[in-house]
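Participant: turn this into a model:
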Amino acid sequence: MSRSHQTDDSADESTESRRHDDAKLKQVYDRTRMSLIERLSDWEDQRTWNEFYETYWRLIYSVSLKAGLGADEAMDVVQETILTIAKQWQKGQQYDPSKGAFKTWLLNITRWRIADQFRKKQRNPAAMNQSGGTRGADGDFRSTATIERLEDDEGDVLERLWNIEWKSNLSRVALERVKNKVSPKQYQIFDAYVLKDWDATRVRKQLGVSMAQVYLAKHRVGGLVKKEIDALLGQFE
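Facilitator: As a prediction, this is how the structure comes out:
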């Protein structure tokens, strides 16, 4: 088999693997979301809680995975974090901007829920011994399932993970919102030119558009993305 055929086969396998992972994640996401909605069913303003969930679930999930939890455990963290916040809101214990940034406040609640999952692991040593530890999403193998493992001499590992994922999540959510506000063609141009970093000539030729359309999409869609990010950042200030 030629190298090009091997490369194509590898790419196909990689794409198929990603599709399988995405499908599995969607199943877990749908199940967790419905369970959460049922537990919040008697509360007011379901739309607000649904929007909050849609905005922050993947951030919480990603950080939980990279902390060393499994997929189901990470989804439990998502659900319990949102429930904790909802219960605090119901009691009038809302986030107070005068006491610190929302990003830090949400991190601290997530940290406690991650710690809860590690404590559950410690209470079930048979499960830990059977697996020999937990492999995080970054591929590192963890043999110690305690929240203390996330602290090191250089500072708070979890906080560093959170800061990285926070920025990524803001961009992802903003892009998803903007995608629903512009035409599919204009978003496709923006995706190719800005996100995939194609040069303008390639975009023009492969998508069959003019150079003016390329630059217009960059300006318009890019401006909308910036507005969405600013709105997300200012949501709790």
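Participant: just checking, residue 162 touches residue 107?
Facilitator: Yes: using CB atoms under 8 Å, residue 162 is in contact with residue 107, at 4.8 Å. Placement of C-beta: from N, CA and C, glycine included.
Participant: compare neighbour counts for the two and give me the winner.
Facilitator: When residue 162 and residue 107 are compared for neighbours, residue 162 comes out ahead with 25 against 21, by other CB atoms under 10 Å.
Participant: can you tell me how far the more buried one is from residue 101?
Facilitator: 11 Å (CB to CB, to the nearest Å).
Participant: who's in contact with the helix or strand harbouring residue 231?
Facilitator: In this structure, residue 231 is located in helix 211-234 according to DSSP states H and E. The contact list for helix 211-234, computed with CB atoms under 8 Å, 6 or more residues apart in numbering, reads 55, 170-171, 173-175, 177-178, 181-182, 186-187, 189-190, 193-194, 200, 203-204.
Participant: in strands, which of those appear?
Facilitator: Assignment to strands by DSSP state E places none of these there.
Participant: narrow the residues you listed to those that are buried.
Facilitator: By the neighbour-count criterion of 16 or more other CB atoms under 10 Å, those include these buried positions: 55, 170, 173-175, 177-178, 182, 186-187, 189-190, 193-194, 203-204.
Participant: tell me which entries of those lie within helices.
Facilitator: Of the positions in those, 55, 170, 173-175, 177-178, 186-187, 189-190, 203-204 sit in helices, assigned by DSSP state H.
Participant: let's have these in TSV, adding pLDDT.
Facilitator: As requested, those are arranged in TSV below (pLDDT from 0 to 100):
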residue	pLDDT
55	89
170	94
173	94
174	96
175	96
177	94
178	97
186	97
187	97
189	98
190	97
203	97
204	97
